[in-house]
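Asks: Pasting the sequence and the predicted model now:
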Amino acid sequence: MIGLLLCAAFAAHGQWYTGWSRQTGLALSLHLTDSMPVLYSPMQSTDPLVTSFSSRRGDTLNVECASVGFRMWLVPDGECLRGVWRQGVLKEDITFCPADTLFQLRRPQTPQPPFSFDEEAVEVDYTDSQGNAVHLSGTLALPRNAGRRFPTVVMVSGSGQQNRDEELMFHKPFLVLANYLASRGIASVRYDDRGVGQSTGPLDSADTRLFAEDAEAILSAVMKDKRVDRRQVGLLGHSEGGAIAAMVAARNRDVAFVVMMAGAGCAGKDILLQQNEAIYAAAGVADSLVAVRTACMREAFDMPPGSSQKDYKALIDRHTVSLDKEQKESIGLGRGAASALRQQIENRWMRTFLVLDPAEYLTRLRCPLLALNGSRDCQVVAAPNLDRIREVTKHRAQCYELQGLNHLFQHCTTGAPDEYVKIEETMAPEAMAAVAEWVLSLRK
């Protein structure tokens, strides 16, 4: 019966299928024709991959692309095709489902030039506390309403080096937000992180505290612009950027307000443990296995600096001794995990983040604070972090959990990071409205 289904599926002239790699976050498109099947990685190129071999044997379709070291085996499963693909050391189950055509990413919220607001370059040169010369390049977005000064938001991106639009997976959240704020009469500044785009500065020794110096340098430059309302210049930070915004505001009384979008209230180690539990649970991993992963990571985060790969392997082996190979792989503790874990934890930024406690800064804030988190955020889990922000600010902060939104403030299904790229929406309108309405309310 399977063989008959396979023949029917493979005989479909011009049938398109789309599958997703959870490990790489990339879509794959398969076009079945009367001749050789054609494979695409459409998020990388609209040109097909060069297929070096394909065969249809019994109930199995085999496709190989020698130029990129790709192999795939598929069998029918209802209307879909299910199987395994390998590329180098990567190996992953994958399901291809029927599609109308070659997969294309759509980002309908991304504004296209000519914009409905004016843009000007912001360039800052300064020397950080480590003596490094840093150049920061950004963009000031101004509403088109000459003759008045605007409340202004300085946007600070999350962890990882990103450009001024906080671009990831073809989404441009900060550009989308800047466009929305401008439509409400609010100016904004977004900038390339050091080492990205047109910004320069060393990264090897950089950590959250140093990135806060970058944000403060941008803030100082913006305060000198006569078109902004100096009394209403605030910081908006996403994810790690929320902690950075609080750091700067705690020591700089010029900051009129702080907006934390998916910002942390808990200490770094707790954030990462919460994140591990939420992400693997959202992926459908059994609770017992998630518990093993969490216990292992809790101990790993306490490993002394300079621990060897052998030490990390012994730790993983101790926690996974009763698990089989498949179970270990399902929680990211399989082959190669010790090396990857050591590299991650021994990183300077990570060592700083693990002990970073936002309460140190939140308790010193004297300006208004808005904290927004999505109810399905798996990276900064809403409930414990909003609760702690309320606690340490003695309920002075306005905290809201926005229903059905993930870490990027997209409407989502599970909140798992592998959904981000599949979702067309870049940022939910209600999240942007919450920011704009709150900022404008401070002027009344």
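Replies: Happy to help now that I have it.
Asks: Tell me the pLDDT of residue 10.
Replies: Per-residue pLDDT puts residue 10 at 49.
Asks: So which helix or strand of the protein has the lowest pLDDT on average?
Replies: helix 2-10 (a mean of 39; mean pLDDT, DSSP states H and E).
Asks: Name the next helix or strand following it along the chain.
Replies: Using DSSP states H and E, the next helix or strand after helix 2-10 towards the C-terminus is strand 15-20.
Asks: Can you give the contact residues for that following strand?
Replies: Residues outside strand 15-20 that contact it (C-beta atoms under 8 Å, 6 or more residues apart in numbering): 9, 26-32, 80-81, 94-103, 418, 422. Any C-beta I mention is one placed from the backbone N, CA and C, and that applies to glycine too.
Asks: Drop anything exposed from the residues you listed.
Replies: 9, 26-32, 81, 94, 96, 99, 102-103, 418, 422 (16 or more other C-beta atoms under 10 Å).
Asks: In strands, which of those residues fall?
Replies: 27-32, 81, 94, 96, 99 (DSSP state E).
Asks: nearest to residue 330, of those residues?
Replies: Of all these, residue 330 sits closest to residue 94, with 15.8 Å by C-beta to C-beta.
Asks: Against residue 393, how distant is the residue lying closest to residue 332 once chain neighbours are set aside?
Replies: Residue nearest to residue 332 in three dimensions, not counting chain neighbours: residue 293, with 6.9 Å by C-beta to C-beta, 6 or more residues apart in numbering. Residue 293 sits 32 Å away from residue 393, going by C-beta to C-beta, to the nearest Å.
Asks: Just want to know which of these two has more residues nearby.
Replies: residue 293 (22 against 19; other C-beta atoms under 10 Å).
Asks: And that one, its phi and psi?
Replies: phi -60, psi -50 (degrees, to the nearest 10).
Asks: so it makes contact with residue 280?
Replies: Yes. Counting by C-beta atoms under 8 Å, residue 293 does reach residue 280; the two are 6.0 Å apart.
Asks: for residue 206, helix, strand, or coil?
Replies: With DSSP: H, G, I helix; E, B strand; the rest coil as the basis, residue 206 sits in coil.
Asks: Please shift the residue numbers so they start at 21 in all later answers.
Replies: Fine by me, first position is 21 from now on; the one you just mentioned is residue 226.
Asks: check contacts around it.
Replies: 214, 368-369.
Asks: Make a markdown table from these and add pLDDT to it.
Replies: Compiled in a markdown table, the contacts of residue 226 are given as follows (pLDDT from 0 to 100):
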| residue | pLDDT |
| --- | --- |
| 214 | 97 |
| 368 | 91 |
| 369 | 94 |
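Asks: Give me the buried entries from those residues.
Replies: 214, 369.
Asks: Could you report the neighbour count for the spatially closest residue to residue 135 that is not a sequence neighbour?
Replies: Leaving out its chain neighbours, the residue that sits closest to residue 135 by C-beta to C-beta, 6+ apart is residue 199, at 6.9 Å. Using other C-beta under 10 Å, residue 199 is surrounded by 19 other residues.
Asks: is it true that residue 199 touches residue 131?
Replies: Yes. Counting by C-beta under 8 Å, residue 199 touches residue 131, with 4.4 Å between them.
Asks: Can you give me the neighbour number for residue 291?
Replies: 24.
Asks: Just to be sure, residue 157 is in a strand?
Replies: Yes. Counting by three-state DSSP, residue 157 is part of a strand.
Asks: Looking at it now. What's its pLDDT?
Replies: Note for residue 157: predicted pLDDT of 98.
Asks: which residues does it contact?
Replies: 141-144, 184, 211-212, 217-219.
Asks: can you pull the contacts of the closest residue to it other than its chain neighbours?
Replies: Nearest residue to residue 157, sequence neighbours excluded (C-beta to C-beta, 6+ apart): residue 218, at 3.6 Å. Neighbour list for residue 218: 155, 157, 212 [criterion: C-beta under 8 Å, 6+ apart].
Asks: could I get these as a markdown table with distance to residue 179?
Replies: Listed next are the contacts of residue 218 as a markdown table, based on distance: C-beta to C-beta, whole Å:
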| residue | distance to residue 179 |
| --- | --- |
| 155 | 21 |
| 157 | 20 |
| 212 | 15 |
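Asks: Where does pLDDT dip in the protein?
Replies: Of all residues in the chain, those with pLDDT under 70 make up the ranges 21-33, 55, 166-167.
Asks: Mark out where each domain of it begins and ends.
Replies: Domain assignment for the chain by automatic domain parsing gives 22-119, 138-287+376-461, 288-372.
Asks: ok, and which of those has the densest surroundings?
Replies: Of the domains of the chain, the one with the most neighbours on average (mean count of other C-beta atoms under 10 Å) is domain 138-287+376-461, at a mean of 20.
Asks: what's the spacing between that domain and its chain's center?
Replies: The chain centre lies 14 Å from the centre of domain 138-287+376-461; the measure is C-alpha atoms, centre = their mean, to the nearest Å.
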